[in-house]
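A.B. asks: here you go, sequence then predicted model.
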Amino acid sequence: MIKIAPSILSADFTNLGADMESIKTADYLHFDVMDGIFVPNISIGIPVLESVRKRTDMFLDVHLMIDKPHRYVKRFAEAGADLVVFHLEADQPQDIYPALEEIKACGKKAGLAIKPKTPGELLLPYLPLLDLALVMTVEPGFGGQKFMADMMPKVRLLRKAIEDQGLACELEVDGGVNPETAKVCIEAGANVLVAGSDVFKAQDRAGRIALLRGDRA
């Protein structure tokens, strides 16, 4: 099943409640957290997540683009995330396993993400522990970037490893997703697609979500 996760980063924060309601047909709500250190931008954090959790029962896919995320994964889990995803590159190896365990100890799902320059092979040892693996198809930090089709071999590598091991791990792509690139991602093996501006700029957001998912009328 293909799942669509509109990124809250592209929503109108003066009209956030209505914007979230407008994408209720989506499978996940993607919540981007940036600290200005790991990525060159600053976005939103725990207080906004707590408010969003009170406003919606959607599955909250929280993507931490922050330095040393092991310090904060529990707090984001307790603030209302259903899934906490952090970057492999953002922490020391000895802190990654405990952070994944801490998320799961909170009863939440855990994931790892990788930037475009990070080889997909580096995620392979972690796959049995993950509920979701995220491949960035743009450089993290800003919305509206051009899709990087050269990330698809990485997606294929991870999909093959997931299937070969019989894992339940989902495979997500994030960046530059539109109806054309969505097909490319799905063909490569992704089953969760993050789409920000493509969904929130659409007049018919439910229709756009269905189109990205590949639903047929």
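C.D. replies: The structure has been received and is ready for your questions.
A.B. asks: so which bits of stretch 41-54 are buried?
C.D. replies: 43, 44, 45, 46, 48, 49, 52, 53 (16 or more other C-beta atoms under 10 Å). Where C-beta positions appear, they are placed from N, C-alpha and C, glycine not excepted.
A.B. asks: can you map out the strands along this structure?
C.D. replies: Ranges of strands in the chain, per DSSP state E, are 3-6, 28-34, 59-65, 83-87, 109-114, 132-136, 170-174, 192-195.
A.B. asks: export these as a markdown table, with columns for mean pLDDT.
C.D. replies: Shown next, in a markdown table, are these (pLDDT from 0 to 100):
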| stretch | mean pLDDT |
| --- | --- |
| strand 3-6 | 98 |
| strand 28-34 | 97 |
| strand 59-65 | 98 |
| strand 83-87 | 98 |
| strand 109-114 | 98 |
| strand 132-136 | 98 |
| strand 170-174 | 98 |
| strand 192-195 | 97 |
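A.B. asks: can you add mean neighbour count and distance to residue 17 and give these back as TSV?
C.D. replies: Converted to TSV, these look like this (neighbours: other C-beta atoms under 10 Å; distance: least, C-beta to C-beta, whole Å):
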stretch	mean neighbour count	distance to residue 17
strand 3-6	27	15
strand 28-34	24	12
strand 59-65	25	15
strand 83-87	28	22
strand 109-114	23	25
strand 132-136	27	26
strand 170-174	26	24
strand 192-195	27	20
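A.B. asks: run a quick neighbour tally on residue 1.
C.D. replies: Residue 1 has 7 neighbouring residues, counting by other C-beta atoms under 10 Å.
A.B. asks: you'd agree residue 118 is up against residue 88?
C.D. replies: Yes - using C-beta atoms under 8 Å, residue 118 is in contact with residue 88, at 6.5 Å.
A.B. asks: not counting sequence-adjacent ones, nearest residue to residue 137?
C.D. replies: residue 175 (4.0 Å; C-beta to C-beta, 6 or more residues apart in numbering).
A.B. asks: and the buried residues of stretch 41-54, which two are furthest apart?
C.D. replies: Taking C-beta to C-beta, the two most distant members of these are 43 and 53; they sit 16.7 Å apart.
A.B. asks: rewinding a little: want to throw the strands of the chain into CSV with distance to residue 213?
C.D. replies: Putting the strands of the chain into CSV (distance: least, C-beta to C-beta, whole Å) gives the following:
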stretch, distance to residue 213
strand 3-6, 5
strand 28-34, 12
strand 59-65, 15
strand 83-87, 19
strand 109-114, 20
strand 132-136, 17
strand 170-174, 14
strand 192-195, 8
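A.B. asks: and of the ones you listed, who's closest to residue 21?
C.D. replies: Between residue 21 and those, the shortest gap by C-beta to C-beta is with strand 28-34, which sits at 11.1 Å.
A.B. asks: kind regards, and thank you for your time.
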